[in-house]
Structures are given as C-alpha cells and as structure tokens.
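[1] The amino acid sequence is not available; the structure is as follows:
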C-alpha cells in the first residue's frame, strides 16, 4: 500500500504546529469541561474569566498562557499536561504523549507477545495510516539493528546510528522520496504498456 506524502501539512511542519497549537489546547479544554458537566460560565468563574473568554480559548481564537493554563487545569481537576501539547522529554510527559496517540490515532496498548521479553507496545489498526508509518519505521529499525550486529568497528556503528537518526530527523522525506520513485516507475510502466500495445497493433497490420 503506497503512502502518498508530498507535504502532509500543506506548509512547513513547524509553522503548521504553531498555527494549530491554540486549537489543540482549546479542544482539550472543551472536551474535559463538557465531560465533567461544566458550562463555560462555570469554568470561567472558577478562574476569574468570562464565559466569552473561555469560548475564545476553546475555539482556538486565543491560546492561554502557561500560568492561566495551570489555573484552568486546577479548576478542571486535571494535570496541566492534559491540556498542553505533549512533551516527551520525561516519563510522565511521555505517558501523556502516548495517551494522545491512543485518543488521536486509535492506538492500543498491548503486552509484548513474547514471555521471554516482557514489556508493552503500542499497536495501530491494520487499515489505519499510522500502521503504514509504523511499518516503515519498523523496517528501518530492523535493518539498522541487523547492520549494527554485523558492524566490525565503533566507527562503523557510529555511522550506522547517524544514518538512522538522520532518517528520523528528516522524516517524512524518505517516504516522500520513495513514493515519488514509485509514482515515476508506475508512469514509466504505463507508457511501456501503451507502446507495447501500439507495437502489437502495427505488427498485426504487417501480417
């Protein structure tokens, strides 16, 4: 199954992330507020804001600053990490990042299939786009591990690790390049098929 990625964001990913941050935070505030049965006016009163201001935050028109976000989290009785974009540089932040993945991409936490190697893993549905991305990552990861096991020097291992990290740091460029090659190949094969058909027709006329 081909994964078509020319520009998944329609713009630079960093710009896209910045421009949509307020909407993501607002969505989380609204989801938690409504789950708890609070009105915008009730939440606003708890943090000293009007219902209109809460509405603006929830609609992504404005983004609360860190101090206000903490007040809103306290009023909702949740961690501030439940409202902010996940930061995976520590264990708890990584947990919230995985919670987000479960919610956004329907991923599931499962025990590792091997009893000899206890642990947990996140899985994606077979027909989900995330499955295709994870399959590609798994392929690159497995190839890297095989190359590392076969490496004969520290310098070679370092170069292999560098190559793997560059794949991650430039993602999804590798997918884009591979997809463009596949599309070019498909176009060439289509032209070959048309030319072969034309040749067969000309051959039949000469008979």
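    Yes, it's here. As the structure is a prediction and not an experimental result, all values here were calculated from the model.
[2] residues contacting residue 56?
    If a contact means Cβ atoms under 8 Å, 6 or more residues apart in numbering, then residue 56 has residue 62 as its contacts. Every residue, glycine included, has its C-beta placed from N, CA and C.
[3] That one and residue 30, how far apart?
    The spacing between residue 56 and residue 30, counted by Cβ to Cβ, to the nearest Å, is 12 Å.
[4] Which pLDDT value goes with the residue nearest the centre of the chain?
    With distances taken as Cα atoms, centre = their mean, residue 130 lies nearest the centre of the chain, 7.2 Å away. Among the per-residue scores, residue 130 holds a pLDDT of 86.
[5] swap in residue 207?
    We have a pLDDT of 66 for residue 207.
[6] go on, residue 184?
    pLDDT recorded at residue 184 is 65.
[7] Ok, residue 69 next?
    According to the model's per-residue confidence, residue 69 sits at a pLDDT of 96.
[8] Surely residue 195 is in a helix?
    Yes: for residue 195, which was evaluated using DSSP: H, G, I helix; E, B strand; the rest coil, the result is membership in a helix.
[9] Now do the helices in this protein.
    Per DSSP state H, the chain carries helices over the ranges 13-35, 40-47, 51-58, 66-76, 91-105, 129-150, 154-169, 173-206.
[10] Okay, buried residues for the fourth one please.
    Okay, so that is helix 66-76. Applying a neighbour-count criterion of 16 or more other Cβ atoms under 10 Å, the buried positions in helix 66-76 are 69-73, 75-76.
[11] who's in contact with it?
    In this structure, residues lying in contact with helix 66-76 by Cβ under 8 Å, 6+ apart are 25, 29, 32-33, 36, 38, 43, 46-48, 57, 64, 79-80, 82-84.
[12] got the angle for that helix vs helix 51-58?
    110 degrees (axes from the mean of the first three to the mean of the last three Cα atoms, to 10 degrees).
[13] so how far is helix 66-76 off the chain centroid?
    Taking the mean of its C-alpha atoms, helix 66-76 sits 27 Å from the chain's own mean (Cα atoms, centre = their mean, to the nearest Å).
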